[in-house]
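**Student:** Compute the structure for the input listed below.
(6 chains)
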There are 4 protein chains.
Amino acid sequence: MARQQNAPDPSRRSEQSRTAILTAAAGLVAEIGFGKVTIEKIAARAGVGKQTIYRWWPSKGAVVFDAFLAANENASGGLALPDTGDLGADLRTVLRLTALELDDPAFDRTGRALTAEVLTDPDLLREYRQRLLDPLLEVTRDRLRAARDAGQLRADADLDLAVELLYGPLYYRWLHGLGPLDAGYADQVVAAVLGALGG
Amino acid sequence: MARQQNAPDPSRRSEQSRTAILTAAAGLVAEIGFGKVTIEKIAARAGVGKQTIYRWWPSKGAVVFDAFLAANENASGGLALPDTGDLGADLRTVLRLTALELDDPAFDRTGRALTAEVLTDPDLLREYRQRLLDPLLEVTRDRLRAARDAGQLRADADLDLAVELLYGPLYYRWLHGLGPLDAGYADQVVAAVLGALGG
Amino acid sequence: MARQQNAPDPSRRSEQSRTAILTAAAGLVAEIGFGKVTIEKIAARAGVGKQTIYRWWPSKGAVVFDAFLAANENASGGLALPDTGDLGADLRTVLRLTALELDDPAFDRTGRALTAEVLTDPDLLREYRQRLLDPLLEVTRDRLRAARDAGQLRADADLDLAVELLYGPLYYRWLHGLGPLDAGYADQVVAAVLGALGG
Amino acid sequence: MARQQNAPDPSRRSEQSRTAILTAAAGLVAEIGFGKVTIEKIAARAGVGKQTIYRWWPSKGAVVFDAFLAANENASGGLALPDTGDLGADLRTVLRLTALELDDPAFDRTGRALTAEVLTDPDLLREYRQRLLDPLLEVTRDRLRAARDAGQLRADADLDLAVELLYGPLYYRWLHGLGPLDAGYADQVVAAVLGALGG
DNA sequence: AGTTAATCGAGACGGTACGTCTAGTCTTGGG
DNA sequence: CCCAAGACTAGACGTACCGTCTCGATTAACT
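**Tutor:** The predicted structure is shown next:
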């Protein structure tokens, strides 16, 4: 009961080609920017036939995104928020790091391109959520839940709302370039959220 | 100190062509989606030479974006938030409307494409801010300022932070498809912000 | 020591495409004239991508010229002048046929366009000489040489000059439209050349 | 009984513009070659509106050709063949000069382009004949007629044929690049023609 | 001298074709 | 059967010119 007529057999996939493709994709994005990367350039740099890319990925966005994930997934392998007992301090730590990353010019270009791709392609969005966003939100909710259980948040605090109140403003400010993304701003957001949902 | 060598003379611009182009662009985006729209298709439908488009706009994104703005700018001509005296009610009204719009499937496709375009092209982002976003944030801040002056918000409430706390979470949820965008969610956000910054 | 960096591999060339292109080119020239033929029209009629034409030919002139040659080369496969022993009669036969062809209105348009192309493009001229003109002049010289050996021409007759004296005037009259191109004129030219170089 | 509806009034024509256009055309052809010259470039260099060119000339070929004629017509104002009494010497003088001109690389490029244009455009051909070729052939025929009257040519010599026998071979050799165009060749041709038609 | 009408420089316009680039498919030959 | 290589159809790109069409601003001739 094959789902597709011409589904390739993953067991015969060349690991060497796969790695070369992802490496080439990552390198090209860094060098010439996402917009100017093409499947042909990736294939040429990877020393790979175009068909080998088309066989395993549906689009340029998917390849580049895969390359990005491959580089970032292991980094956040043991993904978890610190739990020092001081919720505010812990949240400030996380949001300051987030702000710092968003503020990094090197991340900015790639991040925007990838975000644009993800927002526009439902398949990529699903994959992005499964592999990056949902885990991040989950550990954040875990930390908040622990705090709520410890009485540091109101008992009826909605954790889904809470994470969106935390990350949403940073994201909003970043994408629209509304103002500085620094530790002070992160602290302000944390203070506001704690003020709203604090016990 | 001319910024461009071959800047065309706007006084000789054909208003008829301009309108035809924007209309064609809007129609095509609605029918086949931003990704499949091409300059050539816009020109063909508008009955216009390609050069006439390239003469006045730098990219496909700019044309489509202009078409979008042309349609939305006059709509929000008398842009202002209601001021019934009840800040919470007024904010709920605005955020409910915002949530409703984002939740509209017809808006979703175009909105995402345009957002992707805006995030990726600094020139478009600037124009988007000047013509749509900044005015919206400004009137929101005005309403908040009035409330602060009336003692309904803490005297030290940061209005920039406030608007980002209001719109950021909605935007975040919309772009990532994190959950339902309805009146209830809008109300939750408003309640949280008032809880954080309320007098 | 490759002459070109990106020379395509002729062994992988599609014979089907090549034939379709030449057929389309010939048909278009006949129908709308060389000047109005475009690479795009050839590609469209041949059901072929433009790149496939650009990959194998450097210019429109080259394609059309190739189509012309492909049609005319095999026709004159067994190219040779008659040798009845009577040099004058043999030359009259050839020049009358040449005059007849040049006088054909159908040939006139294509012939002029192709001539203009060939005169202007050194590469095309070289190819024209190798594939059409030189063989024709060679067989003519052969016939004259046989006549000279038989004492029908002066022993010191310059055969290069002779062929130019034969074909030059016809060509000159044709291109400039100086007068009728008929059997009588052909005979006149032959008589003059024999008078000049005859034994 | 006007031949055209919107025939411009020649009496109001700006001589200054006309001169600037012809000068610009000639300069451009010399610099970048006929094929790359465009009406727009001519207009730009001449500091003239495109319409001014279109008003007075039907095509690029016509302008360039006019520029060429303007430069060459006065040169050959008192066009006439020398008449020293020695027909052979006089013809050798003319044909040697012709060969020399055709052999000049500077003339070659322009000459070929103009020839190609002339052969292809019946209007230009007519003008070329009226203003350059026919006068040249006429004076040549005049000289030959004088020689015939003096008994230096056969009484029944066809003068139209004669001029084509003289100029045709040179032209043929030049256009096809068949061999050297020098004084020796010119002499050979003259000798052949005199041999054929001489008294 | 004032009016009128055509030419002028300038350049935007609707188009066509250019030659290049990339997408995604198909074919060939090697492992 | 995967793979590297690359030719194939298709079609958009952004540019260059075409020939036509307004624009004012000179001109030139004719009231």
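
**Student:** alpha carbons only for contacts and neighbour counts from here, please
**Tutor:** Fine.

**Student:** Which of the helices or strands spans residue A:93?
**Tutor:** helix A:87-103 (DSSP states H and E).

**Student:** Show me what that helix is packed against.
**Tutor:** helix A:134-149, helix A:159-176, helix A:183-197 (3 or more CA pairs under 8 Å, 6 or more residues apart in numbering or on different chains; DSSP states H and E).

**Student:** I'd like these laid out as CSV, including mean pLDDT.
**Tutor:** As requested, the helices and strands packed on helix A:87-103 are exported to CSV (pLDDT from 0 to 100):
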stretch, mean pLDDT
helix A:134-149, 96
helix A:159-176, 98
helix A:183-197, 97
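
**Student:** Dump these into JSON lines; add distance to residue B:168 as well.
**Tutor:** What follows is the helices and strands packed on helix A:87-103, written out as JSON lines (distance: least, CA to CA, whole Å):
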{"stretch": "helix A:134-149", "distance to residue B:168": "16"}
{"stretch": "helix A:159-176", "distance to residue B:168": "4"}
{"stretch": "helix A:183-197", "distance to residue B:168": "11"}
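
**Student:** how big is the angle separating the helix holding residue A:93 from helix A:183-197?
**Tutor:** Relative orientation of helix A:87-103 versus helix A:183-197 (axes from the mean of the first three to the mean of the last three CA atoms, to 10 degrees): 140 degrees.

**Student:** Can you give me the domain boundaries for chain A?
**Tutor:** By the assignment in automatic domain parsing, chain A contains the domains A:10-73, A:87-197.

**Student:** Low-confidence stretches in chain A?
**Tutor:** For chain A, residues meeting the criterion pLDDT under 70 lie at A:1-6, A:73-78, A:199.

**Student:** before we move on, the earlier item: mind putting the domains of chain A in CSV, mean neighbour count included?
**Tutor:** Formatted as CSV, the domains of chain A follow (neighbours: other CA atoms under 10 Å in any protein chain shown):
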stretch, mean neighbour count
domain A:10-73, 16
domain A:87-197, 18
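
**Student:** between those, which gets nearest to residue D:11?
**Tutor:** domain A:10-73 (58.2 Å; CA to CA).

**Student:** follow-up on the earlier one: only alpha carbons, please: show the next helix or strand after the helix holding residue A:93 as CSV.
**Tutor:** Moving toward the C-terminus from helix A:87-103, the next helix or strand (DSSP H and E) is helix A:105-120. Only the C-alpha atoms of helix A:105-120 are listed here, as CSV (Å, rounded to 0.1, in the frame of the first residue of the first chain):
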residue,chain,number,x,y,z
PRO,A,105,22.7,40.9,12.1
ALA,A,106,24.0,37.6,10.9
PHE,A,107,20.9,35.8,12.0
ASP,A,108,18.7,38.6,10.8
ARG,A,109,19.0,38.0,7.1
THR,A,110,18.7,34.2,7.2
GLY,A,111,16.1,34.4,9.9
ARG,A,112,13.8,36.7,7.9
ALA,A,113,14.2,34.6,4.7
LEU,A,114,13.5,31.4,6.5
THR,A,115,10.5,33.0,8.4
ALA,A,116,9.1,34.2,5.1
GLU,A,117,9.4,30.8,3.6
VAL,A,118,7.9,29.1,6.6
LEU,A,119,4.9,31.5,6.8
THR,A,120,4.1,30.9,3.2
